[in-house]
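> build me a structure from this.
(chains A and B)
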Amino acid sequence: MAEIRIQNLRKEFGDFTAVQSSSFKIEDGEFFMLLGPSGCGKTTTLRMIAGLELPTSGEIFIDGDEVGQKPARERDIAFVFQMFALYPHMNVRRNISYPLVSQGMPRAQVREKVAEVARILGIEDILDRPVSGLSGGDRQRVALGRAIVREPKCFLMDEPLGALDAEFREHMSEELRKLHDRMGATTVYVTHDQLEAMQMGDKIVVMNHGVIEQFGTPLDIYDKPASMFVADFIGSPSMNFLKFHGAVAEGATGVELHHQTLVLPTQHEAFEGDLVYGVRPEHIRLAHDAPYRAEILATEYLGTTQIVTLDTQNGQVKARVPSDQPARTGETVGLNFNGAMVTLFDNQTGRALKSDLNAGVLHG
Amino acid sequence: MADVTLQNVSKSFGTTKAVDAINMDIPDGSFTVLLGPTGVGKTTTLRLISGLEHPDAGDIQIAGRSVISETPAQRNVAMVFQQYSLYPHMTVRENLAFPLRSPILRTPEDEITRKVTEVAEVLRIPHKLENKATALSGGEMQRVSIGRALVRNPEIFLMDEPLSSLDAKLRAELRVELKRIQESLGATLLYVTHDQIEAMTMATSIGVLDEGRLVQIGTPREIYEAPVSLYVASRLGLPRINTLPADVFPGAPSGANTIGLRPEHIRQGEGQSARVDRVEHLGDQTRLHLQLNGHEIVSLTDTHTDLEPGDAIAIQPQNALYFNATGARIT
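Next up is the predicted model:
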């Protein structure tokens, strides 16, 4: 359907730079996530792809055609917003068929198309109902139906599930991803919810303050974060940061914190100064004989696993361990770290230092 | 703090039975969570204990005395709601002191200062005491409204989804905080939520409600590992428990209608052949969406699995739960 390439895209609103010189490529058929906190520039980026905002500079290619300065209607894309923008006085069928009718498609063909879309979305039985009486999920399905029916080159979605409650969001996100797998249309999806991005996306762009922090597959971004911002934003609980002052040499496989050597993947660059030992909760194990000591502050039962909050010499950390492992508040335990999955950061800039772990995904 | 006991408590609104013959003990110093979806009777139960609603039948006892004929004020309970409901024109200190200045209590001024300082310490907001309530972040505001309940020394704290209006990170922080406060004060707390994570992580015991009835009460581990019914089994666990016809796998006990398989209770290697539909890499876990004879199953696998959509794998249950035709658990 469509390949989208963004090159040096930039958007200013007066003195404020919403998006700073961004470049990335969305492959044909990909489910692509723009992820970041509010105000990071993700929606502005999406609106530029849609043609709802014009870039200050830079280019947008859809299937090789430069469309950056073209109006939205010439781009053959469909936009799904967070709010289900349905016509309240029309029934479901007329809401879905509206884009086709306004294009002047013959009635018989419209009927056929609407029936097909209704079947894909599983809403055949509500086609003749007024939209005002529908549940949130059905309303969102109708909004999707109206986007799908046009068979656009690509779908742009701005937090389409943001208004739904947690349980239902989980259900709809699965449904949306299945729909995508069936139709194979390129989809660009904006969200601030990291779990949604990990769950649904083939690729993720993480943005912060108008800048692209990292671009890659969900697992690469999770395992090999390029910055402390990404490491903190992705994952729940987020990555632990043990802050310390010290030095690390090229080729080092360990680093000294409080007279204890903690393991690292082989480092590719030397650094001296304020460092951060970044380790995810599931890569920490409690062991009675480990020399790096910590006091248990709290435990949270989660079924098969539990989250243990610990007080260390380098601040609070959270570990995710099996729930059948005994852990009592007030107890002092030792911690073991899975060194192969640790990232060192420069605390000043937040940049990840290169190592055997992340050399393949970090550029420049 | 005190024990609270509900005996055969019922409450209807018109033809709707909101609370249906509930029997429950809330032991002194416990953190009891009422869990269930919207409209199941959680909030009504809370309001019955507080005295904001009057039961149609049954008895409610606080510290051994029946409180049915008492007003909310006489019952000496403290409620925290979803909305912060602070006085916006007052400082944090004035907001915290407000319940103590009630004419019934006649708390001496130096006692008020002592209490407010103590509670501010517990909540870690002593440096915010002179701020206007409106100058606080959402998390701080909710801490102050919890604090306003804490200054009073009530028999029991009743909390109605106090964290649900906060964002995910803050909610996770306050979960740990609230549990810490409850433990350090030895407070008795009844907490209402539809969020299973809050229930599992904070509760000493969880009461699961279904259409106004208390269907099971136990520790989070008991509810998770030994649910009495399919309904209870579906309340805890993410991804949700898979439910399939019992004969999908061989070896179902007689009378079994449904097999309940938690995603972590599916062993790979031998058994029935299933097709991989989708692999979801969530970082800390990887979910497999499987197709088995037309049934969808979600399972967990190694974080860095090589499996791809279209692959076939053999699976079999491990620690499965079996339910009969009415949804009651049989093994």
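> so A:Gln306 bridges to which residues?
Beta-bridge pairing for A:Gln306 (DSSP bridges): A:Tyr301, A:Val321.
> hmm, it is touching A:Ser323, no?
Yes: between A:Gln306 and A:Ser323 there is a contact under CB atoms under 8 Å: 4.4 Å. (Each C-beta comes from the backbone N, C-alpha and C, glycine too.)
> for the stretch 151-300 of chain B, which residues are neighbours of chain A?
B:168, B:172, B:175-176, B:179-180, B:183, B:195, B:197, B:200-202, B:220-221, B:224, B:236-238, B:262, B:264, B:278, B:280-284 (CB under 8 Å from any CB of the partner chain).
> which of the residues you listed fall within helices?
Of these, the ones assigned to helices by DSSP state H are B:168, B:172, B:175-176, B:179-180, B:183, B:197, B:200-202, B:220-221, B:224.
> what helix or strand does the most centrally placed residue in chain A sit in?
Among the residues of chain A, the one closest to the centroid is A:Ala197, at 3.2 Å (CA atoms, centre = their mean). For A:Ala197, the host element (DSSP states H and E) is helix A:194-200.
> and residue 258, how many neighbours does it have?
As the question left the chain open, I've gone with chain A. Using other CB atoms under 10 Å in any protein chain shown, A:His258 has 13 neighbouring residues.
> chain B, not that one
Neighbours of B:Thr258 under the rule other CB under 10 Å: 20.
> tell me which parts of the stretch 51-200 of chain A are close to chain B?
Listed as neighbours of chain B in the stretch 51-200 of chain A under the rule CB under 8 Å from any CB: A:Ala166, A:Arg177, A:Asp181, A:Leu195, A:Met198, A:Gln199.
> any regions of chain A where pLDDT drops low?
A:1, A:82-84, A:163, A:165, A:363-364 (pLDDT under 70).
> now A:Arg141: closest residue in space, sequence neighbours ignored.
Excluding its sequence neighbours, the residue lying closest to A:Arg141 (CB to CB, 6 or more residues apart in numbering or on different chains) is A:Leu121, at 4.7 Å.
> need the contact list for the one you found.
Contacts for A:Leu121 (CB atoms under 8 Å, 6 or more residues apart in numbering or on different chains) come out as A:Arg141, A:Leu144, A:Gly145, A:Ile148, A:Leu179.
> can you pull out the strands in the stretch 201-350 of chain A?
Secondary structure of the stretch 201-350 of chain A (DSSP state E, counting those that start in this stretch): strands at A:203-208, A:211-216, A:240-248, A:254-257, A:260-263, A:271-279, A:284-287, A:293-301, A:305-312, A:315-322, A:332-337, A:343-346.
> over to the stretch 101-250 of chain B?
B:156-160, B:189-193, B:205-210, B:213-218, B:242-245.
> Provide the contact partners of the helix holding A:Ala197 at residue level.
Identification of contacts with helix A:194-200 by CB under 8 Å, 6+ apart yields A:31, A:33, A:35, A:161, A:169, A:173, A:176-177, A:189, A:191, A:204, A:218, A:222, A:233-236, B:280-283.
> among those residues, name the ones in helices.
Among the contacts of helix A:194-200, the residues falling in helices (DSSP H) are A:Arg169, A:Ser173, A:Leu176, A:Arg177, A:Pro218, A:Tyr222, A:Phe233.
> most neighbours among these, which one?
Counting neighbours by other CB under 10 Å, A:Phe233 comes out on top of the ones in helices among the contacts of helix A:194-200 with 25 neighbours.
> can you tell me how far A:Glu300 is from A:Phe24?
Look at A:Glu300 and A:Phe24: by CB to CB, to the nearest Å, they are 37 Å apart.
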